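Colleague: return atomic coordinates for the entry below.
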Amino acid sequence: MRATLIYGAGDVRIEEVPDPRIEHPTDAVVRVVRSCVCGSDLWPYASRPASEHGDRIGHEFLGVVEQAGSDLSRVRTGDLVIAPFVYSDNTCQFCQEGLQTSCEHGGTWGADGVDGGQGELVRVPQADGTLVTIPSTQDSSLLASLLTLSDVFCTGHHAATTAGVNERTTVTVVGDGAVGLSAVLAAKRLGAERIILMGRHPDRTDLGIEFGATDIVAERGDEGIEKVRELTSGAGTHAVLECVGTKPALDTCVGVVRAGGTISRVGAPQYSEGPLGRPVFMRNIAITGGVAPARNYIEELLPDVLDGTIQPGRVFDRTIDLDGVPDGYQAMADRKALKVLVAF
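Modeller: Just a heads-up that it's a prediction; the model follows:
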């Protein structure tokens with residue numbers, strides 16, 4: 001089969017790799033129907049050291065079960081399934097607590113001999129626990145929205161949920177990428193009536209307004225903090241959803257959060273230290289978030305996607321085939337695409 005491999009910064013290739021096969025009775029082999037490039041994929045695309053051997057990449061996909069291991073009882077050949085961005089048994093103590101990202105028997109795509117999600121086929125370990133069966137459909141827009149449940153929309157939902165967003169909560173979303181826009185949509189779904197989106201790309205912030213943002217702040221740094229303060233009569237917002245992953249973004253969150261409020265970080269951190277000293281302590285600011293346990297949220301969010309109540313797939317603004325993946329990475333890195341969908 002063909003799959004995506006990354007060899008170094010800016011070096012993504014499509015190559016022939018061995019077809020996956022059932023290795024354990026709890027495995028399934030899935031033929032990928034839709035995949036995509038994640039914003040977190042851009043970090044290695046920008047900085048990965050060059051190597052003679054490429055690594056498999058990609059962690060968001062949905063597809064059709066081609067083979068099912070003998071121990072599987074939930075997943076059957078022919079099922080259309082969503083694969084969360086980590087695999088898990090969904091039965092261990094952490095999974096039972098809704099933290100499938102810490103599964104005792106789980107792992108990540110593209111590592112330890114497991115296929116990446118940006119390829120034609122994927123061997124899925126712990127398939128009964130990992131995969132979520134969904135109704136078969138040929139609707140391309142619905143497939144796009146269903147794909148967001150593998151990661152990006154669930155990540156936005158995680159940000160809003162862990163921050164305690166509800167109808168009484170004012171919200172600031174820092175970042176107008178696909179996760180930030182998903183966080184806007186999630187906050188709106190949870191009832192927030194005031195949602196400030198901090199972003200400076202009009203095509204993205206326009207979609208943010210359609211998703212539920214009430215205010216747009218294009219300024220950054222101290223100027224952006226002051227603008228949010230002006231919009232909130234100096235107080236800041238109850239919840240701040242950090243959807244970027246950089247230290248300046250976290251500094252902004254501390255600047256715009258209301259005393260007694262919550263900052264939820266879901267942008268993959270590209271820093272080792274942050275502003276967690278006296279200003280956070282003295283203002284009783286809670287810090288939450290983390291890597292989103294998408295498997296815990298899919299079944300909750302699925303009905304609203306299936307009936308069209310929400311359309312998170314609108315974050316995809318470019319569709320390519322597998323051969324177009326290298327150009328898709330470059331388009332996202334150059335900010336010429338918000339999020340690239342790969343259709344097989």
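Colleague: got the contact list for the spatially most central residue of the chain?
Modeller: For the chain, the residue nearest the mean C-alpha position is V152 (2.5 Å; Cα atoms, centre = their mean). V152 makes contact with C38, E60, A178, V179, S182, P312, V315, K339, according to Cβ atoms under 8 Å, 6 or more residues apart in numbering. C-betas here are computed from N, CA, C, even on glycine.
Colleague: tell me the confidence at it?
Modeller: Model confidence at V152, given as pLDDT, is 98.
Colleague: what about it, distance to G324?
Modeller: 19 Å (Cβ to Cβ, to the nearest Å).
Colleague: out of the contacts of V152, who's nearest L142?
Modeller: Nearest to L142 among the contacts of V152: P312, at 11.0 Å, using Cβ to Cβ.
Colleague: the closest one contacts L185, correct?
Modeller: Yes: with contact taken as Cβ atoms under 8 Å, P312 and L185 are classed as touching, separated by 5.9 Å.
Colleague: between those two, which contacts overlap?
Modeller: Both P312 and L185 are contacted by F153, G156, under the criterion Cβ under 8 Å, 6+ apart.
Colleague: which parts of the stretch 101-250 of the chain are strands?
Modeller: Using DSSP state E, counting those that start in this stretch, the strands of the stretch 101-250 of the chain run over 107-108, 121-124, 132-134, 170-174, 194-198, 215-217, 237-242.
Colleague: tell me what the fourth one is packed against?
Modeller: For strand 170-174, the helices and strands in contact under the criterion 3 or more Cβ pairs under 8 Å, 6 or more residues apart in numbering; DSSP states H and E are helix 178-189, strand 194-198, strand 237-242, helix 247-256.
Colleague: all helices for the stretch 201-344 of the chain, in order.
Modeller: Listed in chain order, the helices of the stretch 201-344 of the chain (DSSP state H, counting those that start in this stretch) span 202-211, 221-231, 247-256, 278-282, 294-306, 325-333.
Colleague: which of these comes out lowest on mean pLDDT?
Modeller: Among those, helix 278-282 scores lowest, at a mean of 90.
Colleague: what sits up against that one?
Modeller: V254, I285, I287.
Colleague: isn't the first one right next to G277, touching?
Modeller: Just to be clear, that refers to V254. No: in this structure V254 lies outside contact range of G277 using Cβ under 8 Å: 9.9 Å.
Colleague: so the two - more neighbours on which side?
Modeller: V254 (21 against 9; other Cβ atoms under 10 Å).
Colleague: mind listing what that one touches?
Modeller: I263, P275, P279, V280, I285.
Colleague: cutoff 7 Å now
Modeller: Neighbour list for V254: P275, P279, V280 [criterion: Cβ atoms under 7 Å, 6 or more residues apart in numbering].
Colleague: ok, of the residues you listed, which come out buried?
Modeller: Applying 16 or more other Cβ atoms under 10 Å to the contacts of V254, the neighbour count classes P275, V280 as buried.
Colleague: make TSV from the contacts of V254 and add distance to A3 to it.
Modeller: As requested, the contacts of V254 are exported to TSV (distance: Cβ to Cβ, whole Å):
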residue	distance to A3
P275	40
P279	46
V280	43
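Colleague: looking at the contacts of V254, which is nearest E104?
Modeller: For the contacts of V254, the closest approach to E104 (Cβ to Cβ) belongs to V280, at 32.3 Å.
Colleague: please report how far the closest one lies from G129.
Modeller: In terms of Cβ to Cβ, V280 sits 37 Å off from G129.
Colleague: could you do V171 as well?
Modeller: 33 Å.
Colleague: what of T246?
Modeller: With Cβ to Cβ as the criterion, T246 and G129 are 33 Å apart.
Colleague: got it, and V174?
Modeller: From V174 across to G129, the span is 33 Å (Cβ to Cβ).
Colleague: ok, the two, which is more surrounded?
Modeller: Using other Cβ under 10 Å, the more surrounded residue of V174 and G129 is V174, with 31 against 23.
Colleague: for the more buried one, list each beta-bridge partner.
Modeller: Note on V174: beta-bridge partners M198, E242, judged by DSSP bridges.
Colleague: what stretches of the stretch 101-250 of the chain score poorly on pLDDT?
Modeller: Residue ranges of the stretch 101-250 of the chain with pLDDT under 70: none are present.
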